[in-house]
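what's the 3D shape of this:
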Amino acid sequence: SLDSEHSVWEEISEKNEILALGSRKMQSRAYVASFNFLGSDQQKKVGVLSGGERNRVLLAKMLKQGANVIMLDEPTNDLDVNTLRALEEAIEQFAGCAIVVSHDRWFLDRVATHILAFEGESNVRWHIGNFSDYEDDRRKRLGKDADTPHRITYRKLHR
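Sure thing, here's the model as predicted:
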């Protein structure tokens, strides 16, 4: 829920010059800039933003709120490199638990500490480590079959 009449800075900062981010305090314009809204971009009206820019505003608003669990579904979609870095830093500094659903293996390598993997044939694996660690373990467990895609077979439905 974004107010299309607010500027990017107003929407994210709620017109506060200083933001409390957990136990830290930060200048609101610096915080907004960390999501790649630099200079005059902070004065753009939210109503004229592209889809990716709107996602960055929503992400900045969400990450400044106090929470102990956040859930992100494909958070790297439509993000530029600078915003991706800001997201990684925010997740690393987040004091709570971040549940991230993603196909971005490189992103998972940088932010994941545990993997809950849904493997074929309805198998679910809990692994401590990042995505590369999980992949190594998967190859050890499955051998050659780890790199060969398999079609999942489902039980037939009966009426």
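
For the helix or strand harbouring Thr83, which residues meet the burial criterion?
Using DSSP states H and E, the element containing Thr83 is helix 81-93. For helix 81-93, the neighbour count (16 or more other C-beta atoms under 10 Å) marks 83-84, 86-87, 90-91 as buried. Backbone N, C-alpha and C define where each C-beta goes, glycine included.

now do stretch 34-41
34-37, 41.

any idea how far it is from the chain center?
For stretch 34-41, the separation from the chain centroid amounts to 19 Å (computed by C-alpha atoms, centre = their mean, to the nearest Å).

what about that stretch, start to end distance?
12 Å (C-alpha to C-alpha, to the nearest Å).

pLDDT of it, averaged?
For stretch 34-41, the mean per-residue pLDDT is 90.

Tell me which residues are up against it.
8-9, 12, 44, 53, 56-57, 59-60, 80, 82-83, 86, 89 (C-beta atoms under 8 Å, 6 or more residues apart in numbering).

For the chain, name the helix or strand with the lowest mean pLDDT.
helix 81-93 (a mean of 83; mean pLDDT, DSSP states H and E).

Just say helix, strand or coil for the residue nearest to Ser4 when sequence neighbours are not counted.
Counting by C-beta to C-beta, 6 or more residues apart in numbering, Ser4 lies nearest to Gly47, which is 3.1 Å off, once chain neighbours are set aside. Look at Gly47: counting by DSSP: H, G, I helix; E, B strand; the rest coil, its state is helix.

And Gly47, how far from Glu11?
Separation of Gly47 from Glu11 (C-beta to C-beta, to the nearest Å) stands at 10 Å.

Do a quick rundown of the helices in the protein.
8-13, 28-33, 51-64, 81-93, 105-111, 131-142 (DSSP state H).

Out of those, the one nearest Gly22 is which?
Set against Gly22 and scored by C-beta to C-beta, those come closest in helix 81-93, at 7.8 Å.
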